[in-house]
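>>> Next comes the sequence, and after it the predicted model I'd like to discuss.
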Amino acid sequence: TGAGSGLGRLFALEFARRRALLVLWDINTQSNEETAGMVRHIYRELAEAAAAASGVAGDGEKDALPHCNLQVYTYTCDVGKRENVYSTAERVRKEVGEVSVLVNNAGVVSGHHLLECPDELIERTMMVNCHAHFWVT
């Protein structure tokens with residue numbers, strides 16, 4: 001979750017370098033797609049490196065890395081809305097399969113001091129930074 005920017009994007013890119021099939025969630029469709037584009041770029045580089053090394057005898061370690069069909073899936077999801085989480089999770093189960101590792105990363109920061117923070121921002125912060133972790137899991 002939160003794959004469209006910040007730590008979520010960095011996690012996605014690192015998992016891509018480790019040849020993971022990725023399912024990226026973010027509330028912002030455009031930034032989530034930008035992350036997916038970066039992931040696809042990494043996948044292309046990995047495929048090109050594997051193709052270049054396929055005819056060369058290796059030291060055994062590179063040969064041990066799995067060569068698989070690397071894919072990235074993107075979903076627009078507001079994790080602060082329980083029903084959006086449940087419906088998106090069901091789509092993932094149907095379209096991708098079961099998730100084996102969850103990086104429950106989405107979060108919001110109001111930028112206000114507590115006593116200056118509007119009630120709506122406090123509620124949103126709690127929904128995304130607390131409740132969503134239970135719903136996504």
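Yes, it's here. Numbering: from 1, shown residues only.
>>> Which pLDDT value goes with the closest residue to Leu22 other than its chain neighbours?
The spatially closest residue to Leu22, leaving aside those adjacent along the chain, is Val72, at 4.5 Å (CB to CB, 6 or more residues apart in numbering). The way it works is simple: take the backbone N, C-alpha and C, and place the C-beta from them, glycine included. On pLDDT, Val72 comes in at 97.
>>> So what's the residue count around Val72?
When neighbours are defined as other CB atoms under 10 Å, Val72 has 22 of them.
>>> for Tyr75, what are its contacts?
Contact partners of Tyr75, counting by CB atoms under 8 Å, 6 or more residues apart in numbering, are 23-25, 32, 88, 91-92.
>>> helices and strands of the chain: which one bottoms out on pLDDT?
In the chain, no helix or strand scores lower on mean pLDDT, DSSP states H and E than helix 61-64, which sits at a mean of 45.
>>> Of the contacts of Tyr75, which is the most crowded?
Trp25 (27 neighbours).
>>> Check which helix or strand that residue maps to.
strand 22-26 (DSSP states H and E).
>>> for the helix or strand just after that strand, packing partners?
Per DSSP H and E, the first helix or strand lying C-terminal to strand 22-26 is helix 29-53. When contacts are defined as 3 or more CB pairs under 8 Å, 6 or more residues apart in numbering; DSSP states H and E, helix 29-53 packs onto helix 6-17, strand 22-26, strand 72-76.
>>> Including distance to Ala106, could those go into a markdown table?
As requested, those are exported to a markdown table (distance: least, CB to CB, whole Å):
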| stretch | distance to Ala106 |
| --- | --- |
| helix 6-17 | 7 |
| strand 22-26 | 7 |
| strand 72-76 | 12 |
